[in-house]
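> All I have is the shape, not the residue letters:
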């Protein structure tokens, strides 16, 4: 029996896939909202191509990309594919590191970072915990069935 057949009814994989849809859509909405606000604000100022605007656009893309990746990889998360968990974990972990740096920046100067950062950190953090827990659970299950 192959890995996919063994993990077909494994509920943690289904939990991770559902979490990927919810967190992915939320991350895409946060990233899209951030991009919209940055672009509208830059166009209103009449100076759209400066360093600050480029860094703010990058923040929006960094928020949206792991969400898009999670939603696209949802069918393979459902099936318990290691590579899908790896891709989601890496992209979400990079985003979490970036958000942690923004938390540090907010502690230094609260006016520079918006209050919506808390929602982003909680969403990404919860999703990351679910991904890690399910990935470890799959690894333990596979190891138990091999021996």
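Done, it's in. The structure displayed is predicted, hence computed values, not measured ones.

> Skipping adjacent residues, who's closest to residue 99 in space?
Using Cβ to Cβ, 6 or more residues apart in numbering and skipping residues adjacent in sequence, the residue nearest residue 99 is residue 121, 5.1 Å away. Every residue, glycine included, has its C-beta placed from N, CA and C.

> Could you give the number of residues near the one you found?
Number of residues near residue 121 (other Cβ atoms under 10 Å) recorded here: 16.

> Kindly report the same for residue 63.
Counted with other Cβ under 10 Å, the neighbours of residue 63 add up to 25.

> ok, it touching residue 34?
Yes: using Cβ atoms under 8 Å, residue 63 makes contact with residue 34 at a distance of 6.0 Å.

> still on that earlier bit, so which other helices or strands are in contact with the strand or helix carrying the residue nearest to residue 99?
Residue 121 is part of helix 117-146, with elements assigned from DSSP states H and E. Here helix 117-146 touches helix 3-6, helix 11-45, helix 51-72, helix 82-108, going by 3 or more Cβ pairs under 8 Å, 6 or more residues apart in numbering; DSSP states H and E.

> does residue 93 really touch residue 128, like I thought?
Yes: assessed by Cβ under 8 Å, residue 93 is found in contact with residue 128 at 6.5 Å.

> Looking at the two, which one has more neighbours?
A side-by-side neighbour count of residue 93 and residue 128, using other Cβ under 10 Å, places residue 128 first with 19 against 15.

> Identify the residues contacting the more buried one.
89, 92, 93, 96 (Cβ atoms under 8 Å, 6 or more residues apart in numbering).

> The last one reaches residue 123, doesn't it?
Just to be clear, that refers to residue 96. No: counting by Cβ under 8 Å, residue 96 sits too far from residue 123 to count as a contact (10.3 Å).

> Now do the contacts for the residue nearest to residue 99.
Per Cβ under 8 Å, 6+ apart, neighbours of residue 121: 96, 99, 100, 103.

> just residue 75 next, same as before
With Cβ under 8 Å, 6+ apart, residue 75 has these contacts: residue 17.
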